[in-house]
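Colleague: sequence isn't available, so here's the structure alone:
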Ligand code: BV8
Ligand code: ZN
């Protein structure tokens, strides 16, 4: 565990020469774009906690409240643009032979920034899935009208998002675990590392000898295990890491 406030030589040495790099991002990378994080003060909505609303039970019990929460978040995300942190990862992807971006975020900002084929472990806030026929469709209307939205088949739509207590898409999780296990460097950006199984990816990477580099504004349960923790905003550190490793 080593905490820094600026890019140390070790990061340049390990990252600039790495063949295989995997990156895991969380809500923190989108914070500077104005997207509320889960466990920050903004994470609250009408005094509900995400863990109370992002569950199949809550949706079963009160689909309108759950949809109102997602409608509020979609409204928050709609005007947000990728920030320097998202863009730095697009630049890094171009410079690394084998690069995999894994995200817990559902805001779509990595794709909007130009990251090719990010592994969106927890789904996408702009996709709906029919509770009847299973059809998945993109719907960017803000605000949603009506709530709850209905499928052509008449059944109610749900967000195409992985809720607490729901299993992740095994293909996506497998791809993420493979990338973490194969990586020379595993970069963990803007996540509290408390949500599983995503939080377990760092262990997969560490067990196979990857160098773990964390970027966060505060220490997390990952910090003791990380080789380097860069304390500070992702939008500040990521462009500097890219500049340091691949000087333009
Ligand atoms: C499952 C979609 C089993 C919703 C989300 C062990 C093994 C397996 C499961 C569990 C387990 N232990 C507990 C569980 C249950 C649960 C879980 O992990 N609970 C937690 C709360 C303890 N896991 C699950 O239920 C998972 N399902 O495993 O099911 C199963 C298996 C088979 C069959 C059936 C069932 C499903 C988890 C997915 C839940 N869905 N999202 C939605 O988005 O609406 S998770 C949700 O939390 C978001 O996706 C979010 O991305 C994610 C993680 O949060 P973070 O991204 O880390 O965000 P957070 O706000 O917490 O932190 C922000 C960080 O950024 C902070 O550290 C902050 O300091 C930092 N930061 C802030 N600003 C900046 C910054 N950093 C840098 N720069 C900045 N500017
Ligand atoms: Zn349908």
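Modeller: All right, it came through fine. Keep in mind it's a predicted model, so treat the numbers as computed, not measured. Ligands and ions are numbered 1, 2, ... in the order given.

Colleague: low-scoring stretches of the protein, by residue?
Modeller: Within the chain, the ranges that satisfy pLDDT under 70 run 40-47.

Colleague: show me which helix runs longest in it.
Modeller: Scanning the chain for the longest helix, with DSSP state H as the assignment, gives helix 63-77.

Colleague: what are the buried residues along that one?
Modeller: 63, 65-71, 73-74, 76-77 (16 or more other Cβ atoms under 10 Å). Using the backbone N, CA and C atoms, a C-beta is placed for each residue, glycine as well.

Colleague: and for stretch 128-142?
Modeller: Within stretch 128-142, the residues that count as buried by 16+ other Cβ under 10 Å are 128-131.

Colleague: quick one on the thing from earlier: closest to residue 208 among the buried residues of helix 63-77?
Modeller: Distances from residue 208 to the buried residues of helix 63-77, taken as Cβ to Cβ, are shortest for residue 77 (34.3 Å).

Colleague: residue contacts, that closest one?
Modeller: 35, 107-109, 125 (Cβ atoms under 8 Å, 6 or more residues apart in numbering).

Colleague: cool, and residue 150?
Modeller: Counted by Cβ under 8 Å, 6+ apart, residue 150 has contacts 156-157.

Colleague: how close does it get to residue 163?
Modeller: Per Cβ to Cβ, to the nearest Å, residue 150 is found 20 Å from residue 163.

Colleague: now do residue 179
Modeller: Following Cβ to Cβ, the distance that separates residue 179 from residue 163 is 24 Å.

Colleague: who has more neighbours, these two?
Modeller: residue 179 (24 against 19; other Cβ atoms under 10 Å).
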